[in-house]
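# Based on what follows, work out the 3D shape:
(chains A and B)
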2 protein chains.
Amino acid sequence: MLEKQNTLLDAYKNAKYQVTGHGKRDVSVLLDSLSNQTGQEESDMYGSGHIIDSFQEKMAAYLGKESAVFFPSGTMAQQIAMRIWCDEKGIQKVAYHPLCHLEIHEEDGLKELHHIEPVLLSDPNKIIKMDDVVNMKEDVSCLLLELPQREIGGQLPTFEELQGISDYCREKGIKLHLDGARLFEILPFYEKTAAEVCAIFDSVYVSFYKGIGGVAGAILAGPKDFAEKSKVWKRRHGGDLISLYPYILSADFYFDQRVGKMEEYYKGAKELAALYNECEGVCTLPITPVSNMFHVHIQAPKHEMECILADTYGESGVGLTGHLRENGENRCFFEVSLGDNYLEVPNNNLKKTFTVLNKKLKTRTLV
Amino acid sequence: MLEKQNTLLDAYKNAKYQVTGHGKRDVSVLLDSLSNQTGQEESDMYGSGHIIDSFQEKMAAYLGKESAVFFPSGTMAQQIAMRIWCDEKGIQKVAYHPLCHLEIHEEDGLKELHHIEPVLLSDPNKIIKMDDVVNMKEDVSCLLLELPQREIGGQLPTFEELQGISDYCREKGIKLHLDGARLFEILPFYEKTAAEVCAIFDSVYVSFYKGIGGVAGAILAGPKDFAEKSKVWKRRHGGDLISLYPYILSADFYFDQRVGKMEEYYKGAKELAALYNECEGVCTLPITPVSNMFHVHIQAPKHEMECILADTYGESGVGLTGHLRENGENRCFFEVSLGDNYLEVPNNNLKKTFTVLNKKLKTRTLV
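Numbering: from 1, shown residues only, chains lettered A, B, ... in the order given. I've put the predicted structure just below:
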């Protein structure tokens, strides 16, 4: 049973090339990031010390914020950001997208630990627009925007739309928080620096294991007073570890290595999405990616597509995805997120893969 | 100003030998623990995978509990344990010592995040005894016992006293939780296995960066149902990281290396405490240690003792402590926690240190 379930994942892993990600998430990710360490640098100690201070200062400068605080996870960082803004305004409500990470991936930590009530904005299949914000009936302390909106393929509003929402929120006394789990990845589309994007937000979280490909860890940035409060909440959450340096050193290492490659990943995503969109019954969301990610929707049942894909990888030597998710009875989809792996797939092999795949999809519809 | 403040710490660090701890908490602690890793082992993924599963199983077996869950910190693990037991009984109250870690080191996370009210048992300077538990006026869901009681020098009740408290709690439907941050360290005194001690508790937390000397991390162990609930709360707290392996691998490495050395550390502590107790105006708490730790109380003002100690280290080449804490105007104290470092201090150098120190203390009282 287990073997059957894992056929597609095995086929993906066993292919000579994998199209997505940065490579295996194995212990070498940590080892490589420590390869230049002599071992003599002192550990951070409960949030203090050179390793954590210097990385926090570096990220504050990069994000153009007064202060930055390193957290073990974005889940912790963002709940805390919401809590601080709610306590400041005295209204325990925040607004976010129905498919926000806090709403669907955190076991309701925001509600269970912080008793903060979310106001869900917009249709789940659309991004939050100015109209959603203006028409919001309830008063909230904070609006959280996730850029790009991951669960719908990584979609983005225009920068002008964002600017308008930001102006409106400032006028109304609503704090604007950026879920920037994939902030680095959207900068090429906006043609902005991180600081230029962050300037229209009051607080921002960024992650170091998505596009950056580190081991784990997050930064929460904002005004100094906000950052100091977040450290108290970090202690309360049990995140103020005696030593966070394994995550900090790897975050710093891969940040330097990959933050300049986001443009390449973005170009790759547009190129790859175009190849998918040429296939019978296949459509990417968005059609033209705005970051290194997109979703691939297929008009075929999951179990059938698993066989088709596994066979394709076997013939072409290129693995496209290891997981499919059902989308109704006769459709399925998967997420694509590009990193270093894509840059190593020879163009010929990639083209061959799509020729094979498209042939199989066409044959299927003829049957 | 900063230089003056750090004189004692510098003198301690610069001494040829340091009496306490396992050595510097620098990046080599992590590097050493990874020295046997090929890098090919896959990362744990959000609480699953071979690295985390196998360590959790190993610790469950060692602690004699049905299940064990790895946490980034004890702060997170213990708040969650309290929450689960409170929710189960429907009474949001727990009993613990006035100097419990949850009461004094966690920025009131238990109250602020979980709205659990503590009932403080016993005088702060004493350990919790059977009488304190029996005379408790309020109904609580859980009693937390910290063994040894760190903030008063690491004191312990007899095992018979513990057994009596456990029997009483089971009779009254009060869950008994062990703050076993230093559980490994007390086993030689009790002449019990970890499983024998844990058997009288419903849940237990152990730490991997005290006597074990790892990078960070904790295990929470108990019944299967309790463990499963703790995973949900770990997600809510933001502790269910995509990768916890840097902490798990180092915890496992140093557990194997040091869990068998606790008897040596304990013997060392008794030996060292005796040397302190021979000094003029010096007294250890407890007089005879029951683990690898104790406190040293000195009838002299902090600033004066800092000079005496720094001079002593300079003459003998042995550093005793880097920190003193005031205890009223004319007294001070410090904590001693023994590990590998103590085993490397030559006996002659240690004796010389105490000869020098005692001479200085005697001279001081004559003046």
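# near chain B, anything from stretch A:91-109?
Yes: under the criterion of Cβ under 8 Å from any Cβ of the partner chain, chain B is reached by stretch A:91-109 at A:Glu106, A:Glu107, A:Asp108, A:Gly109. Every C-beta, even on glycine, is put in place using the N, C-alpha and C of the backbone.
# ok, so of those residues, who is nearest A:Ile242?
A:Gly109 (23.1 Å; Cβ to Cβ).
# rewinding a little: show the buried residues in the residues of stretch A:91-109 next to chain B.
The neighbour count (16 or more other Cβ atoms under 10 Å in any protein chain shown) marks A:Glu106, A:Glu107, A:Gly109 as buried among those.
# any idea which element whichever residue of the stretch 1-150 of chain A sits closest to chain B lies in?
The stretch 1-150 of chain A approaches chain B most closely through A:Met76 (2.6 Å), counting by Cβ to the nearest Cβ. Element membership for A:Met76, per DSSP states H and E: helix A:74-89.
# for that helix, what is the average pLDDT?
Across helix A:74-89, pLDDT averages out at 98.
# in that helix, what's buried?
A:74-86, A:89.
# Kindly report the same for stretch A:26-36.
Those would be A:Asp26, A:Val27, A:Ser28, A:Val29, A:Leu30, A:Ser33, A:Leu34, for stretch A:26-36 by 16+ other Cβ under 10 Å.
# From the residues you listed, list the ones also adjacent to chain B.
Okay, of the buried residues of stretch A:26-36 touching chain B (Cβ under 8 Å from any Cβ), that's A:Asp26, A:Val27, A:Ser28, A:Val29, A:Leu30, A:Leu34.
# Surely the last one and B:Val29 touch.
No: contact criterion Cβ atoms under 8 Å: A:Leu34 and B:Val29 do not qualify, at 11.8 Å.
# where along the stretch 51-200 of chain A do the helices fall?
Applying DSSP state H, counting those that start in this stretch to the stretch 51-200 of chain A gives helices spanning A:74-89, A:101-104, A:109-114, A:130-134, A:159-172, A:183-190, A:194-198.
# Pull out the buried positions in the fifth one.
For helix A:159-172, a neighbour-count test (16+ other Cβ under 10 Å) marks A:Leu162, A:Gly164, A:Ile165, A:Ser166, A:Cys169 as buried.
# Which secondary structure element of chain A has the lowest mean pLDDT?
helix A:2-5 (a mean of 48; mean pLDDT, DSSP states H and E).
# Just put the buried residues of helix A:74-89 in TSV and tack on distance to B:Gly314.
Shown next, in TSV, are the buried residues of helix A:74-89 (distance: Cβ to Cβ, whole Å):
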residue	distance to B:Gly314
A:Gly74	49
A:Thr75	49
A:Met76	45
A:Ala77	46
A:Gln78	51
A:Gln79	50
A:Ile80	46
A:Ala81	49
A:Met82	53
A:Arg83	49
A:Ile84	48
A:Trp85	53
A:Cys86	54
A:Lys89	56
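# Check what pLDDT the residue in the stretch 201-350 of chain A that chain B sits nearest to gets.
Closest to chain B within the stretch 201-350 of chain A is A:Gly238: 2.6 Å, counting by Cβ to the nearest Cβ. The model reports A:Gly238 with a pLDDT of 98.
# Next to chain B, which bits of the stretch 151-300 of chain A? Give me the list.
A:209, A:215-216, A:232-233, A:235-247, A:249.
# Check the offset of the helix or strand containing A:Thr355 from the chain's centre.
Secondary structure from DSSP H and E places A:Thr355 in helix A:347-366. When distances are taken as Cα atoms, centre = their mean, to the nearest Å, helix A:347-366 is centred 29 Å away from the chain's centroid.
# now do stretch A:217-237
Counting by Cα atoms, centre = their mean, stretch A:217-237 comes out at 20 Å from the chain centroid.
# One more: stretch A:263-281?
For stretch A:263-281, the distance to the chain centre is 18 Å (Cα atoms, centre = their mean).
# buried ones in that stretch?
A:Glu264, A:Tyr265, A:Tyr266, A:Gly268, A:Ala269, A:Lys270, A:Leu272, A:Ala273, A:Leu275, A:Tyr276, A:Cys279, A:Glu280.
# now swap in stretch A:290-310 and tell me
A:290-302, A:305-306, A:308-310.
# what's the span of that stretch from first residue to last?
28 Å (Cα to Cα, to the nearest Å).
# picking that back up, make CSV out of the buried residues of stretch A:263-281 and add secondary structure.
Formatted as CSV, the buried residues of stretch A:263-281 follow (DSSP: H, G, I helix; E, B strand; the rest coil):
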residue, secondary structure
A:Glu264, helix
A:Tyr265, helix
A:Tyr266, helix
A:Gly268, helix
A:Ala269, helix
A:Lys270, helix
A:Leu272, helix
A:Ala273, helix
A:Leu275, helix
A:Tyr276, helix
A:Cys279, coil
A:Glu280, coil
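# Could you dump these into TSV and include pLDDT?
Shown next, in TSV, are the buried residues of stretch A:263-281 (pLDDT from 0 to 100):
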residue	pLDDT
A:Glu264	98
A:Tyr265	98
A:Tyr266	98
A:Gly268	98
A:Ala269	98
A:Lys270	98
A:Leu272	98
A:Ala273	98
A:Leu275	98
A:Tyr276	98
A:Cys279	97
A:Glu280	95
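# among the helices of the stretch 51-200 of chain A, which is nearest B:Ser203?
Closest among the helices of the stretch 51-200 of chain A, using Cβ to Cβ: helix A:109-114, at 19.7 Å.
# OK, contacts around the residue of the stretch 1-150 of chain A closest to chain B?
A:Ala218, A:Lys234, A:His237, A:Gly239, B:His237, B:Gly238, B:Gly239 (Cβ atoms under 8 Å, 6 or more residues apart in numbering or on different chains).
# same check, this time on A:Lys129
Per Cβ under 8 Å, 6+ apart, neighbours of A:Lys129: A:Ser122, A:Pro157, A:Glu161.
# measure the first one to B:Gln37 for me?
As for A:Ser122, its distance to B:Gln37 is 46 Å (criterion: Cβ to Cβ, to the nearest Å).
# which one of the buried residues of helix A:74-89 is nearest B:His115?
The nearest one, if we look at those relative to B:His115 and count by Cβ to Cβ, is A:Arg83, at 13.9 Å.
# mind listing what the residue lying closest to the closest one once chain neighbours are set aside touches?
Counting by Cβ to Cβ, 6 or more residues apart in numbering or on different chains, A:Arg83 lies nearest to A:His114, which is 4.8 Å off, once chain neighbours are set aside. The neighbourhood of A:His114, defined by Cβ under 8 Å, 6+ apart, consists of A:Gln79, A:Met82, A:Arg83, A:Cys86, A:Gln92, B:Leu113.
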